[in-house]
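# Model the following, please.
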Amino acid sequence: GSGSMKAGSRNGEGEGGGGCAIVGGNHTLVNNGDVTHLDQDMGGGTGCVVLTGNLVIEGNFGSFPELHRVVAIGGKLEVTATGFNTSDFSDLPNLANVGGDVLIDNTDMDSFELPALLVVAGNVAVTDNTFLSSVSLPVLDEVDGDVTFDSNTSLSCDDSQAIIDSIATIGGSTTNTGCF
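Residues are numbered from 1 along each chain as shown. Take a look at the predicted model:
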């Protein structure tokens, strides 16, 4: 769609600093109460948010509209052991920068997307996701560590290799195994 610029998506080259709420600490989301608590920490409202610590999602959820505000995570993003009510994870549409690792491990998701993710300062690992058949990282440009796709038995090797090939700068090694 031409001209449909989403609010909050114009944060330069993903610097995500100017004018955004800064929220410290690590956040692990296991139940809806944790999501509510994180929303309170973020101060409610609709402005952009930078989480300085880790964001770990390891519960059974539907969706997280509260996370749409997050433009940067200082620590790691980990999504693990999740029996999502929705099989598609698209709840971090404005996340541009991750200071640690991005770990997508042992989930029941069919699809996973981080449409604004530009830079990961750690590793990217997508592992042991039995049902995952679609991964979208369309603007990911730099991963300072390793990029690993392993044991995602529903994911085409061609698809995962295309993602690896699309990342301009990878500081470490790449692995693409356990696919079909």
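# residues contacting the residue positioned nearest the centre of the chain?
The centroid of the chain falls nearest to Leu114 when counting by CA atoms, centre = their mean (5.1 Å). Applying CB atoms under 8 Å, 6 or more residues apart in numbering, we find Leu114 in contact with 92, 95, 102, 136-137, 140. Placement of C-beta: from N, CA and C, glycine included.
# Can you flag the buried ones in those?
Buried subset of these (neighbour count, 16 or more other CB atoms under 10 Å): 92, 95, 102, 137, 140.
# Validate this expectation: the second one resides in a helix.
Pointing back at Leu95 there. No - with DSSP: H, G, I helix; E, B strand; the rest coil as the criterion, Leu95 is assigned coil and is not in a helix.
# And it, how far from Ser173?
24 Å (CB to CB, to the nearest Å).
# how about the helices in the protein?
32-41, 157-166 (DSSP state H).
# so how far is the last one from its chain's centroid?
What it means is helix 157-166. How far helix 157-166 lies from its chain's middle: 17 Å, per CA atoms, centre = their mean, to the nearest Å.
# Would you list the strands that the lowest-mean-pLDDT helix or strand in the chain pairs with, along with their directions?
Across the helices and strands of the chain, mean confidence by mean pLDDT, DSSP states H and E is lowest for strand 88-89: a mean of 82. Strand pairing for strand 88-89, using DSSP bridges, gives strand 111-113 (parallel).
# Identify all contacting residues around the partner strand.
79, 87-90, 93, 104, 126, 129, 132-137.
# What is the nearest of these to Thr169?
Thr169 has its nearest neighbour among the contacts of strand 111-113 in Leu137, at 13.6 Å by CB to CB.
# these two touch, right, the closest one and Ala116?
No - in this structure Leu137 lies outside contact range of Ala116 using CB atoms under 8 Å: 9.9 Å.
# how about low-confidence regions in this protein?
Scanning the chain for pLDDT under 70 picks out the ranges 1-18, 60-62, 82-86.
# distance of the residue nearest to the centre of the chain from Leu95?
6 Å.
# and what of Glu113?
Distance from Glu113 to Leu95, counting by CB to CB: 10 Å.
# One more: Ser156?
25 Å.
# And for Ile163?
Taking CB to CB, one finds Ile163 at 16 Å from Leu95.
# that older thread, save the helices of the chain as TSV, and put in mean neighbour count and distance to Gly47 too.
Supplementary listing: those in TSV, determined by neighbours: other CB atoms under 10 Å; distance: least, CB to CB, whole Å:
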stretch	mean neighbour count	distance to Gly47
helix 32-41	15	13
helix 157-166	15	31
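# Export those helices to a markdown table and append columns for distance to Cys48.
Conversion of those to a markdown table gives the following (distance: least, CB to CB, whole Å):
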| stretch | distance to Cys48 |
| --- | --- |
| helix 32-41 | 14 |
| helix 157-166 | 26 |
